[in-house]
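[1] Take a look and give me a structure for this.
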Amino acid sequence: MRPIQFAFELETSLSRQIETLHDTATTGTVPIPVLGLIKNSQTEFLKLLSALNTGESDSVRYPAVTETQLLGSDAVWQQTTQNTTAANACLQELTALLSIYITIDKCVQFYQQAAVNSAQPQARLFFSSLSHVKKILRRRLDGIIQIYYNYYWGELGFAPFILGKD
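    As a prediction, the model looks like this:
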């Protein structure tokens, strides 16, 4: 299996997970505003990877990767997330966001490994660029998850989960 094929399948799986969460969140009591942005980002990732996943050859011309293309503008992210609150949230939404966060983290790891193990300089640059963009997305999602953690910490009087790495 080629790294592009694996990346496409990985991103498709993540898109399905986000789509399911987005559908349940929009029909639920409290929509999670960041889901629309993550869903749009995933759509852009799939467009980029599907264009590269067409051939069987390893001699692929890799396009330039820009953060704005894949994530959208910073202003839109700031506007969407600045008033995010977990006051009416449910624990199911937090665990769903954690699941997406973990999958995005695995995408970062894959892109880093694909960059390290690529023989072509263009492929290394392409995969490291995808890794960089996914790191930004992971960090943005981490901020939203931290809002949920802080809310539950306030409600419980102690941190609901271990903070940081083991």
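[2] contacts and neighbour counts: CA atoms only from here.
    Will do.
[3] hey, which helix is longest across this structure?
    Longest helix in the chain, counting residues (DSSP state H): helix 121-156.
[4] Could you list every helix and strand in contact with it?
    Judged by 3 or more C-alpha pairs under 8 Å, 6 or more residues apart in numbering; DSSP states H and E, the packing partners of helix 121-156 are helix 67-71, helix 91-116.
[5] What count of nearby residues applies to residue 102?
    Residues near residue 102, counting by other C-alpha atoms under 10 Å, number 13.
[6] Local confidence estimate at it?
    With respect to pLDDT, residue 102 has a value of 93.
[7] same deal with residue 87?
    Looking at residue 87, its pLDDT reads 64.
[8] Kindly report the same for residue 134.
    Among the per-residue scores, residue 134 shows a pLDDT of 94.
[9] That one: neighbour count?
    Residues within reach of residue 134, counting by other C-alpha under 10 Å, total 24.
[10] Quick one: low-confidence residue ranges for the protein.
    Within the chain, the segments meeting pLDDT under 70 span 24-31, 55-59, 86-89, 163-166.
[11] what residue lies at the spatial centre of it?
    Nearest residue to the geometric centre of the chain (C-alpha atoms, centre = their mean): residue 104, 4.5 Å.
[12] got a list of what that residue touches?
    14, 134, 137, 138 (C-alpha atoms under 8 Å, 6 or more residues apart in numbering).
[13] May I ask which of the residues you listed has the most neighbours?
    Neighbour counts for the contacts of residue 104 (other C-alpha under 10 Å) peak at residue 134, which has 24 neighbours.
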